[in-house]
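1. sequence first, then the predicted structure:
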Amino acid sequence: MMALGESATPLGAGEGGVVLIVDADTVQAAVIATAVRAHGHTVTVAATATEALGCLEREAPHVLLLALRLPDMDWRDVARQARLRPAPPEIVLVAPRVGAEESLVALEADAVGVLAAPVDVARTARLIGRLVEQRRRRLEQEQFTEKLRTLSALTGLITSARDTQEVFSALAQAATTLLGARLVHVWVDDPRERVLRVRGSFGLDPEFERLLTEFEVVPYGTGMAGGTFAIGHPEFIFGIRTSPRWKNRRLAEAAGLHAYAGLPLMAGDRTLGVLAIVFGDRGEFSVEEKELMQRLADHAASTIVRAEAREQAERDRARLEVLYAVSRRLAALHDVDGLLNAVVNEAARLLGLDAAAIRLVEGEELIIAARTEAAAQLLTRPRLRVGESLSGRVVASGQPLIVEDIVQDTIQDPDQKQAALRVGYRSYLGMPLKVGGRAVGVLGVWGRAPRSFAPDDVALLSAFADQAAVAFEEARLYAETREREREATNLARVTAHLASSLELHRVLDLITWSAKELLRCDAAGVWRYDESRDGLVAYRASGMAIERIAHILVKPGQGLAGRVLKDRKPLWTRQLSQRLQDDAPDASETAAALGLQAALAAPIVSGDDAYGVLVVYRREADDFALREVTLLSTLADHAAIAVRNARLYSETRQREDENAQLYAEAHTQRERLARIFDSTSDGIMFVTREGRIESANRQSGDLLGVDAGALIGGDLLDLLDDRLAEAGAEEGLPLALRTLFTHAAGGEGDLPLPRLKRVLHWVAQPTTEGGGTVAGLTITFQDVTRDREISRMKTDFVSFVTHQLRTPLSGIKWMLELVAEADVPLDIRSYVADARDASERLINLVNDLLDISRLERGRLEMRPQPTDLGALTTSVLEEVAGLVSEHAHRVTVSGVDEAPTVIADPQLLRQVVLNLTSNAIKYTPQSGDIAIRISGVGDRVRWEIQDNGIGVPRDAQRRLFEKFYRADNVFAVETEGTGLGLYLVRLIVEQFGGRVWCDSEEGRGATFVFTLPLAGWHDVSKREEDPARRG
């Protein structure tokens, strides 16, 4: 590839080219040369081939205008030599004429074309200009392609090569090639020595090597590269031979160096080195050249970063290998002391030191747990407070501590500082041992010379300290686990005895022995509270003869055991004899005689009863740890369980005898109830809320025509559907029975069984569990076939009579109205009016009886349709407004505007609302309050009217909707009635799939309520098949 300073360098845009004209016709050549020069090109004219070859050697023409007729040699020789040039020119041939042969000749010579002589000078000049421009563009493209190829190869080398020297040398070579530089250096920072060192160079001939090697190290801020490194941004300097920063003047003069470009190698905010590029004589750098330099500098910086990362990775790998090996050795140790000694020796070995030690936290102090032999003279104080001296400061802060020179340190304990200096130690590195984020100790190492511990050393010791802390914690937990296993084994043995033995003395013997062993005590005993003596007496003992303490009586609140019994919480002392001397002298003397100094006691409590006290004794005046208190309390709880088990066993035997007697009595009672249940004439069954029959007496099966045993577990509604289907009944199951389990609120009604020629009257009552929740329904069946036949005969008779009465009554009314219109005396007119009112009441009674008869027979013509219950209620109130005013009642209405639509016969529904409203008006004393409320409840609409009238007695509420029934207290109000109104209300409401009922307290008014299905929910004549019922 050509360097930028060579003559074959592509021209800048708009710059002239170099043209060589070879033509024996000097006149024509001169004319063409003049025209071409006018376009800004440099032109050389050669009349012979020899001259042309000489020009090709001296110059690098961009265009060769070559005549085919030359005097001294063939034109092809000139063309061949032109094509061998590093940058071959564009060749244009000139021939006497242009034909097929000349065209082929031009192609063979790789010429761009052929011109016929004499040429058109102006066009030829323009043609040469275009050829120069095309050549310029082509060479630029080739150079750009070569630059990309060079940069790509350099990038590949950077990413794949591990030898940074190789990369830097290749980068320097690329810079000289791409930029035409004379010399390129890659300077890399050496922070330890605070200098820059050459890591790659290229460009000068070997003759200048000696002059280069004298300046391969540059201190910060000196020389060209040092200055660039100091300022941290690119700089471009011309005339370097006279620059005070250029130190190697002999090299600059010998190699002809002139311009300098220095680019710092940056990685974030960090300067890693300098890319120094030196040129010969040249002009200002273009933007493209500066961008290329910066790109090369970025490549160099990337190489350094990659090298640093590899070096760091190698160091990390080596540390990890060491840590792994050490960790494996530590993990194999379960003895805490052996582990800690291994830690300090390995820590000293890792850092190449000989003094290391571990202090562990114990309360508010640090104690020496392990040390190397060399550290023995350094540790003059066995205990340090947390925060005191070097080790204490590490634990208090939870952070590493580095002391580069102990002589200059002011926080170390003076005695330990003097001891360190006396034996020749000058530096210190302390690392906290952390477990769960909490410092439990410190690992410290000492060096014999002042030193700044490298980050790698600190990281290594930190990682090792973490490993050591984990290993220490695991070893400690392992020791504790072994201890817990021992405790658990003994507790399991005690528990097994509790489960297998009811012999109290044997279990308590095991507990006292276990307490002595688990707490590593010398003796243990159980003191039992004796109610007859109001004190504690020795009951069981281990490690001492029971006879030695059998004479002692400890009163509640006295001595150690007495206070534990009274306060019901554990206590301990390490001055047993002195503590007992005042209020329990016998116990004090015995303790002194047995040599017992420390004792721990826990109460044996069962519920609210204190059975006694469990006590352990030691002959050494030791303290008891919290864990030991907890363990003894656990054993005392086991003792309490043993006592409770013994008592429960005795009580259980007594209860078993009592239960056996109660069971025999209950069995007799059940048999008696079963006989009564089966002897009743009514059928009785219990049905769950889902409709499943759980129990039924024999009469239930007889009345329903099935085997009583087959009823149990079956579905009641499915059973009744089957009974009716077998009978070929036209009507399905009564609606009241179908909806019975929707709310499990109970109900009653008739069930016709045509096949059995029987009518059953059923009554369902909710059955609750102990918590008050409804478990199901208790249903009774009563055979009312004869009663219903008599009732039917009565109905037929009433129907016949009412039909017969209706016509004459209508005639009587008509004649009375005629008489009233005639001119008769006033007294006669009054009699006629009374007679007419009486006839009106009789006609209304007859109409009610006819409606009831039709409803009972199912022959009343009904026209169900969507009905606005709110508007209907408003209409009824308008109709009875006069009656309300007459009684001076106050009527309030709510929910009328929001009342849902129902499907019903408007006239019949109006009769229901009118009857209930009229009753409220009639049976409410003067100036009463009446409230009507309409609301939606689920898939139903609820209509209710509440008054503060005379109310309905509780015993009358069940029969209130029967035919001709009137409560006894209605006679207290001067009003007339037949007992048919509420019966008719019930028949109509039930006809439309609803329910009606009354809630009342006599003397405090009554609330009458009916519900109807909402529009779209009214068709309940058939119950959908439930797959769960069919199994």
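-> That came through, no problem.
2. any idea where the strands of the stretch 651-800 of the chain begin and end?
-> For the stretch 651-800 of the chain, the strands defined by DSSP state E, counting those that start in this stretch occupy 683-688, 693-696, 747-753, 758-768, 774-783.
3. any weak-confidence spans in the stretch 751-900 of the chain?
-> Applying pLDDT under 70 to the stretch 751-900 of the chain flags the ranges 770-771, 791, 794-807, 809-810, 813, 834, 837-841, 844-845, 847-860.
4. also the stretch 301-450 of the chain?
-> Ranges of the stretch 301-450 of the chain meeting pLDDT under 70: 315, 318-319, 322-323, 325-327, 329-335.
5. 80 - rerun?
-> For the stretch 301-450 of the chain, applying pLDDT under 80 flags the ranges 304, 307-308, 311-339, 346, 350, 352, 363.
6. can you map out the helices along it?
-> 336-350, 389-397, 414-422 (DSSP state H, counting those that start in this stretch).
7. quick one, which of these is nearest to residue 553?
-> Closest to residue 553 of the helices of the stretch 301-450 of the chain, according to C-beta to C-beta: helix 336-350, at 46.1 Å. Backbone N, C-alpha and C define where each C-beta goes, glycine included.
8. send me the closest one as PDB with only the CA atoms.
-> Taking C-alpha atoms only, helix 336-350 is exported to PDB below (Å, rounded to 0.1, in the frame of the first residue of the first chain):
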ATOM      1  CA  VAL A 336     -12.700 -25.600  67.000                       C
ATOM      2  CA  ASP A 337      -9.200 -25.100  68.600                       C
ATOM      3  CA  GLY A 338      -7.500 -27.200  65.900                       C
ATOM      4  CA  LEU A 339      -9.400 -25.200  63.200                       C
ATOM      5  CA  LEU A 340      -8.400 -21.800  64.600                       C
ATOM      6  CA  ASN A 341      -4.700 -22.800  64.800                       C
ATOM      7  CA  ALA A 342      -4.800 -24.000  61.200                       C
ATOM      8  CA  VAL A 343      -6.400 -20.600  60.100                       C
ATOM      9  CA  VAL A 344      -3.600 -18.500  61.600                       C
ATOM     10  CA  ASN A 345      -0.800 -20.600  60.200                       C
ATOM     11  CA  GLU A 346      -2.400 -20.700  56.700                       C
ATOM     12  CA  ALA A 347      -3.000 -16.900  56.800                       C
ATOM     13  CA  ALA A 348       0.700 -16.200  57.600                       C
ATOM     14  CA  ARG A 349       1.700 -18.600  54.800                       C
ATOM     15  CA  LEU A 350      -0.600 -17.000  52.200                       C
END
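9. picking that back up, dump the strands of the stretch 651-800 of the chain into CSV; add distance to residue 19 as well.
-> As requested, the strands of the stretch 651-800 of the chain are arranged in CSV below (distance: least, C-beta to C-beta, whole Å):
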stretch, distance to residue 19
strand 683-688, 116
strand 693-696, 121
strand 747-753, 123
strand 758-768, 121
strand 774-783, 117
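10. quick one: buried residues of stretch 349-369?
-> 350-351, 353-361, 366, 368-369 (16 or more other C-beta atoms under 10 Å).
11. out of those, the closest to residue 765 would be?
-> Taking C-beta to C-beta as the measure, residue 765 lies nearest residue 361 of the buried residues of stretch 349-369, at 75.1 Å.
12. so what touches stretch 30-48?
-> 15-24, 26, 29, 52, 54-55, 59, 61, 65, 70-72, 119, 121-122, 124-126, 128-129, 132 (C-beta atoms under 8 Å, 6 or more residues apart in numbering).
13. the same query, at a cut-off of 6 Å, please.
-> 16-22, 24, 26, 29, 52, 55, 71-72, 121, 124-125, 128-129 (C-beta atoms under 6 Å, 6 or more residues apart in numbering).
14. which of those residues fall in strands?
-> Among the contacts of stretch 30-48, DSSP state E puts 18-22 in strands.
15. can I get the buried part of those as one ChimeraX selection?
-> Here is the ChimeraX selection string for the buried members of the ones in strands among the contacts of stretch 30-48, based on 16+ other C-beta under 10 Å:
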select :18,19,20,21,22
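16. export the ones in strands among the contacts of stretch 30-48 as TSV, with columns for distance to residue 819.
-> Shown next, in TSV, are the ones in strands among the contacts of stretch 30-48 (distance: C-beta to C-beta, whole Å):
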residue	distance to residue 819
18	150
19	150
20	154
21	155
22	158
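17. can you tell me the centre-most residue of the protein?
-> residue 436 (24.1 Å; C-alpha atoms, centre = their mean).
18. please report how far it lies from residue 386.
-> Per C-beta to C-beta, to the nearest Å, residue 436 is found 17 Å from residue 386.
19. now do the helices in the stretch 101-250 of the chain.
-> Remark: helices assigned in the stretch 101-250 of the chain by DSSP H, counting those that start in this stretch are 121-160, 164-179, 209-213, 223-231, 249-255.
20. please apply the same query to the stretch 551-700 of the chain.
-> Secondary structure of the stretch 551-700 of the chain (DSSP H, counting those that start in this stretch): helices at 559-567, 576-580, 585-594, 626-679, 698-704.
21. please identify the most buried of those helices.
-> Burial of those is given as mean neighbour count (mean count of other C-beta atoms under 10 Å); helix 559-567 ranks first at a mean of 23.
22. so how many other residues sit close to the residue nearest to residue 766 when sequence neighbours are not counted?
-> Counting by C-beta to C-beta, 6 or more residues apart in numbering, residue 766 lies nearest to residue 774, which is 4.9 Å off, once chain neighbours are set aside. Using other C-beta atoms under 10 Å, residue 774 has 15 neighbouring residues.
23. surely residue 774 and residue 767 touch.
-> No: using C-beta atoms under 6 Å, residue 774 makes no contact with residue 767, being 7.1 Å away.
24. coming back round to it: out of the strands of the stretch 651-800 of the chain, which gets nearest to residue 873?
-> Counting by C-beta to C-beta, residue 873 lies closest to strand 747-753 out of the strands of the stretch 651-800 of the chain; the figure is 25.8 Å.
25. so what does the closest one touch, helix or strand wise?
-> strand 758-768 (3 or more C-beta pairs under 6 Å, 6 or more residues apart in numbering; DSSP states H and E).
26. so what are the domain limits for the chain?
-> 18-143, 161-312, 333-481, 501-651, 680-783, 862-1031 (automatic domain parsing).
27. redo the ones you listed as a markdown table? Include distance to residue 822.
-> Converted to a markdown table, the domains of the chain look like this (distance: least, C-beta to C-beta, whole Å):
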| stretch | distance to residue 822 |
| --- | --- |
| domain 18-143 | 135 |
| domain 161-312 | 126 |
| domain 333-481 | 116 |
| domain 501-651 | 100 |
| domain 680-783 | 52 |
| domain 862-1031 | 28 |
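28. pick out the shakiest of those, pLDDT-wise.
-> Lowest mean pLDDT within these: domain 680-783, a mean of 77.
29. from the chain's centroid, how far away is that domain?
-> 53 Å (C-alpha atoms, centre = their mean, to the nearest Å).
30. only alpha carbons, please: show stretch 418-432 as PDB.
-> In PDB, the C-alpha atoms belonging to stretch 418-432 read as follows (Å, rounded to 0.1, in the frame of the first residue of the first chain):
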ATOM      1  CA  GLN A 418       6.300  -1.500  72.100                       C
ATOM      2  CA  ALA A 419       6.300  -5.300  72.100                       C
ATOM      3  CA  ALA A 420       5.800  -5.300  68.300                       C
ATOM      4  CA  LEU A 421       8.700  -2.800  67.700                       C
ATOM      5  CA  ARG A 422      10.900  -4.600  70.200                       C
ATOM      6  CA  VAL A 423      10.700  -7.900  68.200                       C
ATOM      7  CA  GLY A 424      10.900  -6.100  64.800                       C
ATOM      8  CA  TYR A 425       7.300  -5.900  63.500                       C
ATOM      9  CA  ARG A 426       6.400  -2.700  61.700                       C
ATOM     10  CA  SER A 427       3.200  -3.200  59.700                       C
ATOM     11  CA  TYR A 428      -0.300  -4.700  60.400                       C
ATOM     12  CA  LEU A 429      -3.300  -5.900  58.500                       C
ATOM     13  CA  GLY A 430      -6.500  -6.800  60.400                       C
ATOM     14  CA  MET A 431      -9.500  -8.500  58.900                       C
ATOM     15  CA  PRO A 432     -12.900  -9.000  60.700                       C
END
